[in-house]
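Colleague: Predicted model follows, preceded by the sequence.
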Amino acid sequence: MKLVLLADNDSAIPQIAKWYNDEWGSIGEGRSTQELQLKLKAYLNHDKLPLIILAQDGDELLGEAQLRFHEMDIYPEREHWLGGVYVASQHRGKGIANNLVNAIIDKAKEIGVNSINLQTQDFTGGLYTRLGWQPVEQVTYHGIKVQVMERSL
């Protein structure tokens with residue numbers, strides 16, 4: 001497995017858009033796959049936000065994760081967010097999400113980010129708790145109850 005930036009493999013955009021639509025299409029804005037593809041073009045960055053890190057095995061896309069600005073508008077003071085962590089179903093349970101999250105943390109440090117936030121529907125924090133994220137609070141956001149977490153870098 002290798003980790004690369006979306007900026008170095010923009011051909012992954014259609015697959016990521018499909019994953020997002022299939023997994024989270026019923027949440028929030030309900031954008032089409034085509035609209036998501038257009039939005040993902042903003043993530044074609046190497047050293048500034050927003051950006052996406054991909055996990056690949058040869059030409060096969062295994063998963064991805066985002067580092068972005070202001071995911072939840074109810075927290076204007078929380079600038080940097082981990083989001084869209086997704087691993088293809090046939091590759092789950094292999095540590096890929098762990099590697100993606102750690103790669104996002106490393107990239108965030110590299111570009112001078114001091115803390116990262118996230119939201120998850122897993123109120124135990126799951127993987128994120130194991131990786132050192134701390135719970136902030138549980139809130140209902142766009143009709144969905146989530147755990148907000150933070151990790152200082």
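Modeller: Right, received. Where do you want to start? Residues are numbered from 1 along each chain as shown.
Colleague: Tell me the strands beside the strand or helix carrying residue 62, with direction?
Modeller: Secondary structure from DSSP states H and E places residue 62 in strand 60-69. According to DSSP bridges, strand 60-69 has the following sheet partners: strand 51-57 (antiparallel), strand 80-87 (antiparallel).
Colleague: mind listing the strands for this protein?
Modeller: With DSSP state E as the criterion, the chain has strands at 2-5, 51-57, 60-69, 80-87, 115-120, 134-141, 144-152.
Colleague: Can you say which of the ones you listed is nearest to residue 100?
Modeller: When those are ranked by distance to residue 100, counting by CB to CB, first place goes to strand 60-69 at 4.1 Å. Bear in mind the C-beta positions are built from the backbone N, C-alpha and C, glycine included.
Colleague: That closest one to strand 115-120, inter-axis angle?
Modeller: For strand 60-69 against strand 115-120, the angle between stretch directions is 120 degrees (axes from the mean of the first three to the mean of the last three CA atoms, to 10 degrees).
Colleague: now strand 60-69: mean pLDDT?
Modeller: Across strand 60-69, pLDDT averages out at 97.
Colleague: again with stretch 16-34
Modeller: 77.
Colleague: what does that stretch contact?
Modeller: Here stretch 16-34 makes contact (CB atoms under 8 Å, 6 or more residues apart in numbering) with 6, 14, 36-37, 39-40, 52, 61, 64, 84, 86, 88, 142, 144.
Colleague: before we move on, the earlier item: distance to residue 18, mean pLDDT and mean neighbour count added to the strands paired with strand 60-69, as a markdown table?
Modeller: Output for these, formatted as a markdown table (distance: least, CB to CB, whole Å; pLDDT from 0 to 100; neighbours: other CB atoms under 10 Å):
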| stretch | distance to residue 18 | mean pLDDT | mean neighbour count |
| --- | --- | --- | --- |
| strand 51-57 | 14 | 98 | 21 |
| strand 80-87 | 10 | 96 | 22 |
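Colleague: Noted, bye for now.
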